[in-house]
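Student: My questions concern the predicted model and sequence given below.
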Amino acid sequence: MTTNPFGRVITAMVTPMKSDGSVDEQGVRAVVEHLIANGHDGIVVNGTTGESSTLTDDESIDIIRLAKEIAGERAAVTAGIGSNDTAHSIHMSSRATEVGADALLLVSPYYNKPPQAGLLAHCRAVADSTELPIMIYDIPARTATPFETETLVALAEHPQIVAVKDAKGQPWAATKVLASTDLLWFSGADEDTLGLLALGAVGTVSVVGHVAGKEYAAMLAAVDAGDLATARDIHRRLIPAVDAIMSTSQGAIMVKAALVELGVIESAFVRLPLVESPPEHLEILRKGLAQAGLR
């Protein structure tokens, strides 16, 4: 059995920003402390929800360093280092290691649509360059390129590639990989978490976990105990919050607004091309959080 270096209750953390668009270090501190206080044993920084595509390299590295300094041994910090440029991913992998990242998140290259042979070569090149464990991030709705089953099975042979964050929405494909490898499987979409746990996933890399960490921890504990009735109840109670955050506009936008509503951060600023929630979306959010019992 592969040792899990990532944690099990993980959130893909937002990058708090001040109203002038600069990274809010106090906000980073507040969110990390909030997550750890609410059931998390792992945090992903510089992922999609962290607005990685509009962070500079130096900002990304500073966030990794700060998150690890705050979390210490209380939670594993996994650093997003994905890019559509393999050399850049290798460079960021090295820098993330230097500032204390516990693990790496590697998304499939976006926009240039490599063939599966290119995905294999890209991931292996990054994995060859590091001693840190790697979680592959499969989210073709954003990258246009899925990891096919055969590709994931081949990547599982590399000693540094030990996990998958699955946001592909294909449970049968997940089943095939789980049956053929010892990859650690994580839900990468809140809507799919319970179903993937039932198939053998070990945890979640959530967005809604910003406001429902304790609920996801309880869901995992219930599945571990074979208490699917309790897990289903939690899953269903979270429907209004999941819909409000993930379906109203965009996850990073809505969850920053949610953290402001809960008093965790001061500003919901997001960098263009994202824009803050209009009043009608905030009303949907408030109702969703209330109906899910999260405020």
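Tutor: Received, thanks. The model shown is predicted, which means the values in this text are computed figures rather than measured ones.
Student: From now on I want contacts and neighbour counts done on CA atoms only, so please keep to that.
Tutor: Noted.
Student: CA-only coordinates of stretch 163-173, as CSV, when you get a sec.
Tutor: Extracted in CSV, the C-alpha atoms of stretch 163-173 (Å, rounded to 0.1, in the frame of the first residue of the first chain):
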residue,chain,number,x,y,z
ALA,A,163,-1.7,9.9,-6.7
VAL,A,164,-4.5,11.3,-8.9
LYS,A,165,-6.8,14.2,-8.3
ASP,A,166,-9.8,13.1,-10.4
ALA,A,167,-12.0,15.9,-11.8
LYS,A,168,-12.7,14.0,-15.0
GLY,A,169,-16.2,12.8,-14.1
GLN,A,170,-15.7,9.2,-15.4
PRO,A,171,-16.1,6.8,-12.5
TRP,A,172,-15.8,3.7,-14.6
ALA,A,173,-12.4,4.9,-15.9
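Student: centre of the chain versus it, how much separation?
Tutor: Averaging C-alpha positions (Cα atoms, centre = their mean, to the nearest Å) puts stretch 163-173 13 Å from its chain's average.
Student: Tell me how far A117 lies from L294.
Tutor: Distance of A117 to L294, computed by Cα to Cα, to the nearest Å: 44 Å.
Student: An error on my part: the question was meant for V207.
Tutor: From V207 over to L294 the distance is 14 Å, taken as Cα to Cα.
Student: So if I had to pick from the two, which one is more boxed in?
Tutor: Shown here are V207 and L294; by other Cα atoms under 10 Å, V207 has more neighbours (26 against 15).
Student: my read: that one touches G251, true?
Tutor: Yes: using Cα atoms under 8 Å, V207 is in contact with G251, at 6.9 Å.
Student: for the strand or helix carrying E280, packing partners?
Tutor: Taking DSSP states H and E as the criterion, E280 maps to helix 279-291. If contacts are counted by 3 or more Cα pairs under 8 Å, 6 or more residues apart in numbering; DSSP states H and E, helix 279-291 sits against helix 239-246, helix 251-261.
Student: TSV for those, including mean pLDDT and mean neighbour count?
Tutor: Below are the helices and strands packed on helix 279-291 laid out as TSV (pLDDT from 0 to 100; neighbours: other Cα atoms under 10 Å):
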stretch	mean pLDDT	mean neighbour count
helix 239-246	98	22
helix 251-261	98	22
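Student: Could you dump those into CSV with distance to S89 added?
Tutor: Listed next are those as CSV, based on distance: least, Cα to Cα, whole Å:
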stretch, distance to S89
helix 239-246, 28
helix 251-261, 23
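Student: Can you say which of the ones you listed is nearest to T130?
Tutor: Within the helices and strands packed on helix 279-291, the stretch nearest T130 is helix 251-261; the backing value is 29.0 Å (Cα to Cα).
Student: The lowest-mean-pLDDT helix or strand in the chain: what's the following helix or strand?
Tutor: Lowest by mean pLDDT, DSSP states H and E among the helices and strands of the chain is helix 140-143, with a mean of 95. Counting by DSSP H and E, the next helix or strand C-terminal to helix 140-143 is helix 149-155.
Student: pLDDT of the following helix or strand past that next one, averaged?
Tutor: Note on helix 149-155: by DSSP H and E, the next helix or strand toward the C-terminus is strand 161-166. Across strand 161-166, pLDDT averages out at 98.
Student: what's next to stretch 170-187, contact-wise?
Tutor: Outside stretch 170-187, the residues within contact range by Cα atoms under 8 Å, 6 or more residues apart in numbering are 1-2, 4, 149, 152-153, 156, 161-167, 193, 195-197, 199-206.
Student: Buried residues, that stretch. List them.
Tutor: The neighbour-count check on stretch 170-187 (16 or more other Cα atoms under 10 Å) flags 174, 177-178, 183-187 as buried.
Student: I'm done for today, thanks for sticking with me.
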